[in-house]
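A.B. asks: quick one: sequence plus predicted model below, questions after.
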Amino acid sequence: MTSIGFIGLGNMGLPMSANLVKAGHTVTGFDLVAAAREAAGKAGVTVAASAAEAVADKDIVITMLPAGRHVLEAYCGDGGILESARPGTLLIDCSTIEVDAARQFHAAAAEAGFASLDAPVSGGVAGAEAATLTFMAGGEEGAFARGEPILALMGKKIVHCGPAGAGQAAKICNNMILGISMIGVSEAFILAEHLGLSHQALFDVASTSSGQCWSITSYCPVPGPVPASPANRDYQPGFAAALMLKDLRLSQAAAQASGSPTPLGAAATQLYALFDAAGYAGRDFSGIIEWLRGPGAKG
Ligand code: NAD
């Protein structure tokens, strides 16, 4: 049995920590929000009065926080995890944050004598509940070997992507592809509508031809061809447009910092920013097809 401290018991952290409890581990958790602490308590997590108390004397500490600044504050702030955890504890940050912030987290952990992993996820809340997340990990081999068996209790695929920050790099490259491809697929369906081509006909061709991609075959943005896609339930998420915009912005921050040309990534970021600002941040990101059609238009 491994003793685990879990900080951040929100939409993702709650089901992830609950899966560790179900697997028989002792999980002590903390969140700033009382309702999150209460829900975690009901799921079998031992609720601590502070982050410092949650991480004291643990084998592994996992964080699942909103953004880079929360992660750096939680680890490096006064009375933070680096001051409160015992030497030898493995630190795993599963939040989606800037590559640079992830590298800062690793550097601070190493300086304080801790092994660490950045291990962002894909799969969303449904994947967290079903323990079918994909983890993309960055860090040293030894840290990955220690963390993998625990991550495997919350996910079905665990990939060691490389050194510090490589997990975050993989996550934002993948999601930049996703944002661009969803807009591309949406544009193709809109063009088909204007040309009198049925959704099903375009799906039947493109899902088995060179236009094939996940945004068509698993997450088709029009109702009908893929019954499980959010298009069939009025674009309830799924993967909210606000989270897509967050990840696209992270991709653009990384592109700028590394001097990488990503013109379509930049365009996708602008389109999702406009989509979110138009009031759709809480909708599934595939709902951008409705907004692209223009006001009053129907598919
Ligand atoms: P969330 O806002 O539901 O949960 C984050 C929790 O962290 C909140 O409950 C908040 O109170 C808590 N928190 C913030 N600062 C804290 C601190 N210093 N100490 C203790 N608790 C603190 O967010 P989420 O949807 O669970 O997402 C978490 C991370 O996972 C984000 O980085 C997100 O981008 C990423 N992610 C989310 C999804 C998704 O579908 N929700 C999918 C993949 C990745």
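C.D. replies: Sure thing, it's come through.
A.B. asks: ok, then the element right after the top strand by length along the chain?
C.D. replies: For the chain, the longest strand by residue count, based on DSSP state E, is strand 155-162. Downstream of strand 155-162, the first helix or strand assigned by DSSP states H and E is helix 166-194.
A.B. asks: pLDDT below threshold where in the stretch 1-150 of the chain?
C.D. replies: Low-confidence regions of the stretch 1-150 of the chain, defined here as pLDDT under 70, do not occur.
A.B. asks: quick check, the residue in the protein closest to the ligand?
C.D. replies: For the chain and the ligand, the shortest gap (C-beta to the nearest ligand atom) falls at G10, measuring 1.9 Å. Where C-beta positions appear, they are placed from N, C-alpha and C, glycine not excepted.
A.B. asks: so who does that residue touch?
C.D. replies: By C-beta atoms under 8 Å, 6 or more residues apart in numbering, G10 lies in contact with 31, 33, 36, 64, 66.
A.B. asks: and if we set it to 6 Å?
C.D. replies: A36 (C-beta atoms under 6 Å, 6 or more residues apart in numbering).
A.B. asks: could you look up the SS state of it?
C.D. replies: Following DSSP: H, G, I helix; E, B strand; the rest coil, the label given to G10 is coil.
A.B. asks: by contact count, what packs against the longest strand of the chain?
C.D. replies: When contacts are defined as 3 or more C-beta pairs under 6 Å, 6 or more residues apart in numbering; DSSP states H and E, strand 155-162 sits against strand 133-138, helix 141-151.
A.B. asks: who does it pair up with?
C.D. replies: With DSSP bridges as the test, strand 155-162 is paired with strand 133-138 (parallel).
A.B. asks: pretty sure T63 contacts F6?
C.D. replies: No: contact criterion C-beta atoms under 6 Å: T63 and F6 do not qualify, at 7.9 Å.
A.B. asks: for these two, indicate the residue with more neighbours.
C.D. replies: Shown here are T63 and F6; by other C-beta atoms under 10 Å, F6 has more neighbours (31 against 24).
A.B. asks: A helix includes that one, no?
C.D. replies: No: going by three-state DSSP, the assignment for F6 is strand, not a helix.
A.B. asks: distance of the residue nearest to N11 when sequence neighbours are not counted relative to T132?
C.D. replies: In space, and not counting its chain neighbours, N11 is closest to V125: 5.2 Å by C-beta to C-beta, 6 or more residues apart in numbering. Distance, V125 to T132, by C-beta to C-beta, to the nearest Å: 11 Å.
A.B. asks: neighbour count winner among these two?
C.D. replies: Between V125 and T132, counted using other C-beta under 10 Å, the more crowded position is V125 (17 against 14).
A.B. asks: what's the helix or strand for that one?
C.D. replies: With DSSP H and E as criterion, V125 is part of helix 124-130.
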